[in-house]
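Visitor: here's my sequence, what's the structure:
(one chain, ligands or ions: 1)
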Amino acid sequence: MVEELKLNPNSSRDEKYSEIYPQIKSIVGGETDTIANLANVAAIIKETFEFLWVGFYLVKDKELVLGPFQGPLACTRIGFGKGVCGTAWKEKKTVIVPDVELFPGHIACSSKSRSEIVVPLFNAKKEVWAVLDLDSAKVSDFTKMDELNLEKILKLISKP
Ligand code: SME
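Guide: Residues are numbered from 1 along each chain as shown. Down below sits the predicted model:
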């Protein structure tokens with residue numbers, strides 16, 4: 001049975017991360033299919049924080065290919081080192097872009113996107129197999145607090 005997400009409307013963003021973590025752990029722990037888990041994690045983050053766009057790109061051959069997401073139509077393929085997503089893949093680390101207009105090579109899927117965070121997912125060999133991309137309509141919407149919480153959540157998802 002699918003339960004509804006339990007959220008306290010008065011919580012801060014940091015507190016909301018703490019509220020959704022055990023719920024994600026329970027949902028992901030009860031399902032072995034990676035795409036199903038990525039889809040639910042994207043849905044939970046979108047529903048909780050109402051960001052403009054929340055989704056995954058999966059490493060396939062030499063490109064990132066669009067995976068489960070919530071939000072407006074998005075570009076389907078991103079090259080290694082291209083845009084914020086390809087940069088996070090290449091550098092193997094989380095990239096926070098406070099103002100997308102100041103990030104050279106930013107790939108604008110939506111003109112409403114003003115700031116962005118991209119967090120890589122690693123397999124057992126420390127290779128990137130996917131990235132999580134969050135887009136906000138506000139400038140400077142992401143901080144180290146988001147980075148730490150998202151990295152913790154993504155450790156719950158195992159490689160396909
Ligand atoms: N802005 C991203 C592309 C993906 S969309 O935002 C959904 C980038 O520069 O990699």
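Visitor: how about the residues of the chain near the ligand?
Guide: Residues of the chain lying near the ligand by CB under 6 Å from any ligand atom: 53, 74-75, 78, 83-85, 106-107, 109, 113, 116, 133, 135. Yep, even glycine has a C-beta here, placed from its N, CA and C like the rest.
Visitor: who wins for most neighbours among the residues you listed?
Guide: Asp133 (29 neighbours; other CB atoms under 10 Å).
Visitor: in which helix or strand would I find that one?
Guide: Element membership of Asp133 [criterion: DSSP states H and E] is strand 128-136.
Visitor: ok, back up a step: which ones among the residues of the chain next to the ligand map onto helices?
Guide: Cross-referencing the residues of the chain next to the ligand against helices under DSSP state H gives Gly83, Val84, Cys85.
Visitor: just checking, the last one touches Ile78?
Guide: Yes. The criterion here is CB atoms under 8 Å, and Cys85 meets it with Ile78 at 4.9 Å.
Visitor: sweet, I'm off.
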